[in-house]
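Participant: how does the following fold in three dimensions:
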Amino acid sequence: PPSFCNTMVGAGLSAARLLLQRLQTTAAGALQPLQKRSMSAAAACARLQPQQLPPLLLRAATTTATTSALTHPAARRLYATSGVVGTGYPVEDIRNVAIIAHVDHGKTTMVDQLLQQSGTMEVTAERVMDSNTLEKERGITIFSKCCGLLYSANNRTVRINLVDTPGHADFGGEVERVLSMVDGVVLLVDAREGPMAQTKYVLQKALSRGLKAILVINKVDRGMDRLDDVEMEVLDLFSNLGANESQLNYPTLYASAKGGWALTSIKDVKDTSNIKGSMTPLFDAIVSYIPPPKVDRDSPFRMLVTQLEANSFLGKCLIGRVVSGRVNTGDTIKALTLSGEKRVEARVLKLFARQGMEQVIIPSAEAGDIITLAGLPSSTVNDTLCHPDVTEPIKAAPIDPPTIAITISVNSSPLAGREGTFLTSNQIADRLFTEAESNVSIQVDRLSADSMEVRGRGELQLCILLESMRREGYEVSVSPPRVLFQEVDGKQLEPMEEVTLDLNMEHTGNAIEKLTKRKGDMMKFDELPDKRARLVFTIPTRGLIGFHREFKHDTRGTGILQQRFVEYSEHRGPIETTRKGSLISMATGDCTSYALELIEPRGRLFIAPGMKVYSGMVVGEHSREEDLEVNPVKAKHLTNMRAAGKEEFVRLVPPLLVTLESALSYIQDDELVEITSGSLRLRKKELDPSKRKVLARTQKKA
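Facilitator: Numbers count the residues shown, from 1 in each chain. This next block holds a predicted model:
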């Protein structure tokens, strides 16, 4: 490791021996012959051959840094030739595994424990794989990430590449594309909730690719009263999804990712709070049950680009699994598109392999391993990187189509340009096309000089994109989401969703009534412990727009809603949705307490005193169905009959907090959401009140 090489060069061989003792290895004997010759530290480091160090040290699970930590040329030479990661592993000693599950079933926590107990890295915080700021804030996984670790047992060291995947249906595209890199999956299921909507989705994708699965029933420390039911539900799920005989013969483990243990049997365990175990059974199951990569190392080099990664010094880096052959730093390779056209031909600048979360430079890579490659900046996802003699690209599996779209345009409000940095249509378009290049589940088309259409899997996915742009300094206006239809044989088809609701029994009647009005069909009603119920509906995607906000309000925050795309089916007709009218500002300026006190009886406010408003901005929700124009900047003028010191104290109800998700689901077709780095505002598309009235009369006649 870099720390070992640097210590040899900088502190001498005696310090290196102390380091070896700290690592609890017996490799100090390899340094004794060099010590007796009284060589200089640099010379000893340069002459020391990798085979003189025991494999346990070379593959030691230590806290590593990137090769930039190597401060001496001799140390870099030792490190580059030592084969710490990525090189020198037989195919049968490599395992590529994805961890899949429903949201909040413990995938990322499980990866933390595997990294910690393998000794690959010291995990000092929860969910180290959720490195993105939005992931940390929301507590969910948004992007798929790969990490590498070494597991030694029975005089055998196996390199395991783990891929952590999102659990939310909106980010299913991340799961679909990384499944092409792995040879098996670890399926996590909550011991109380059982298989959920996303469990079915990700398992279906894995089984369709012929991947084997290891079932891990997680969170058994929270209760084991439903273990038998959960196991039967998972078995039924495998059968219903068409698993073959080998896939049905899956091993089952019982684990607590938070407690850091896994067991092959839990029948004799009555109190899980006293279990002092480890993740060794899971490691053993991965090594014994998940097959090694099916690759050909004697064929020319080929690799399918699955993900993109940005590097401050190397630019765009390409991530994927080497399908065949071998690649070395400095080799000339080319990139083929899905149609077989040559995109670019260039030299490999750098190769990286994962050790823990760190990217470590390697001199070469062979078929079977997951690597990062730099040197082809014009290549993109689904390209085939290959030897110049290869002509056939690797086939990439198609992913599910987007189901929802929004229109993103330049911010044209009177307050535009005051908070953001990137304001022009070209800057916004460049950012969106860059996102579409790395995220294959998002599609972008330019509608006009000032507007772009963005299509994705769901409202949450699009909101994550908008929130990322907002934090980067972009200012945009966004239309309400609309559903994407298809025309097949003259029939209009619409996307259908499977919705799973977990809620208190007292709220089931209201939820059933609202979903039925939105053209939903109830497929299942199950009673759960603690006076809760689980409802499963099939409903058009357009019927769910705006329902999340109502469901959260109706259940007082205790309900859980999950959804997944099922198929396109015949259009179910119009859906009656009612929303109250808007309170629209007729003036521009700063809001006053006096004016808001007069407006408050008319409905719920979205603004507070002191906020800037402009004509045409939506400042609240009217208590009736029609829109109402109000003046929130009206001031209480003083006269010679009233002194300034006798201003009455105004007590207002706190305004309704507007979030990005709630704003997109709330606005109507004639409204927009104005997004800046510091503010979220609702507004009418047409700010001029006279033009709005003309448009309203025209729509009524139509």
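Participant: so which residues of the stretch 451-600 of the chain form helices?
Facilitator: 459-472, 508-517, 547-554, 593-599 (DSSP state H, counting those that start in this stretch).
Participant: least reliable of those going by mean pLDDT?
Facilitator: Of all those, mean pLDDT reaches its minimum on helix 547-554 (a mean of 84).
Participant: counting contacts, what elements does that helix pack onto?
Facilitator: Applying 3 or more Cβ pairs under 8 Å, 6 or more residues apart in numbering; DSSP states H and E, we find helix 547-554 packed against helix 508-517, strand 560-570, helix 660-666. Placement of C-beta: from N, CA and C, glycine included.
Participant: re earlier: got a markdown table for the helices of the stretch 451-600 of the chain, with mean neighbour count too?
Facilitator: Output for those, formatted as a markdown table (neighbours: other Cβ atoms under 10 Å):
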| stretch | mean neighbour count |
| --- | --- |
| helix 459-472 | 20 |
| helix 508-517 | 16 |
| helix 547-554 | 16 |
| helix 593-599 | 19 |
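Participant: and those helices: which comes nearest residue 533?
Facilitator: Of all the helices of the stretch 451-600 of the chain, it is helix 508-517 that lies closest to residue 533, at 5.2 Å by Cβ to Cβ.
Participant: count of residues packed around residue 345?
Facilitator: The tally of other residues near residue 345 (other Cβ atoms under 10 Å) stands at 11.
Participant: er, residue 388 actually
Facilitator: When neighbours are counted by other Cβ under 10 Å, residue 388 comes out with 13.
Participant: hang on, it is in a helix, isn't it?
Facilitator: No: applying DSSP: H, G, I helix; E, B strand; the rest coil, one finds residue 388 to be coil, outside a helix.
Participant: is it true that it touches residue 345?
Facilitator: Yes: here residue 388 reaches residue 345: they are 6.6 Å apart, a contact under Cβ atoms under 8 Å.
Participant: between the helices of the stretch 451-600 of the chain, which one is closest to residue 423.
Facilitator: So among those, helix 459-472 is nearest, using Cβ to Cβ, at 12.0 Å.
Participant: other SSEs contacting that closest one?
Facilitator: helix 133-138, strand 404-410, helix 425-438, strand 451-456, strand 476-478, helix 660-666, strand 671-675.
Participant: could I get these as TSV with distance to residue 630?
Facilitator: Converted to TSV, the helices and strands packed on helix 459-472 look like this (distance: least, Cβ to Cβ, whole Å):
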stretch	distance to residue 630
helix 133-138	34
strand 404-410	26
helix 425-438	32
strand 451-456	29
strand 476-478	22
helix 660-666	18
strand 671-675	16
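Participant: any idea which of those gets closest to residue 249?
Facilitator: Here helix 133-138 is closest among the helices and strands packed on helix 459-472 (Cβ to Cβ), at 35.1 Å.
Participant: now the element after the closest one, going C-ward?
Facilitator: Later in the chain than helix 133-138, the nearest helix or strand by DSSP states H and E is strand 145-153.
Participant: what residues of that following strand count as buried?
Facilitator: For strand 145-153, a neighbour-count test (16 or more other Cβ atoms under 10 Å) marks 145-152 as buried.
Participant: so residue 145 makes contact with residue 161?
Facilitator: No: contact criterion Cβ under 8 Å: residue 145 and residue 161 do not qualify, at 11.2 Å.
Participant: circling back to that earlier point, can you list residues touching both of residue 388 and residue 345?
Facilitator: Common neighbours of residue 388 and residue 345, using Cβ atoms under 8 Å, 6 or more residues apart in numbering, are 332-334.
Participant: please pick the buried ones from the residues you listed.
Facilitator: By 16+ other Cβ under 10 Å, the shared contacts of residue 388 and residue 345 give 333-334 as buried.
Participant: for the shared contacts of residue 388 and residue 345, could you give me TSV that also reports distance to residue 115, secondary structure and pLDDT?
Facilitator: Below are the shared contacts of residue 388 and residue 345 laid out as TSV (distance: Cβ to Cβ, whole Å; DSSP: H, G, I helix; E, B strand; the rest coil; pLDDT from 0 to 100):
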residue	distance to residue 115	secondary structure	pLDDT
332	36	strand	92
333	31	strand	93
334	36	strand	93
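Participant: which among the shared contacts of residue 388 and residue 345 gets closest to residue 183?
Facilitator: Looking across these and measuring by Cβ to Cβ, the closest to residue 183 is residue 333, at 23.9 Å.
Participant: quick check: beta-bridge partners of the closest one?
Facilitator: Judged by DSSP bridges, the bridge partners of residue 333 are residue 346.
Participant: ok, residue 415 touching residue 612?
Facilitator: Yes: the criterion here is Cβ under 8 Å, and residue 415 meets it with residue 612 at 6.3 Å.
Participant: quick revisit: which one of the buried residues of strand 145-153 sits closest to residue 475?
Facilitator: Nearest to residue 475 among the buried residues of strand 145-153 is residue 145, at 30.1 Å by Cβ to Cβ.
Participant: look up the pLDDT of that closest one for me, please.
Facilitator: 83.
Participant: same check on the one 10 residues further on?
Facilitator: You'll see residue 155 listed with a pLDDT of 78.
Participant: neighbours around it, how many?
Facilitator: By other Cβ under 10 Å, the residues close to residue 155 number 6.
Participant: with the one 10 residues further on instead?
Facilitator: By the criterion of other Cβ under 10 Å, residue 165 has 25 neighbours.
Participant: same deal with the one 10 residues further on?
Facilitator: When counting by other Cβ under 10 Å, one arrives at 25 neighbours for residue 175.
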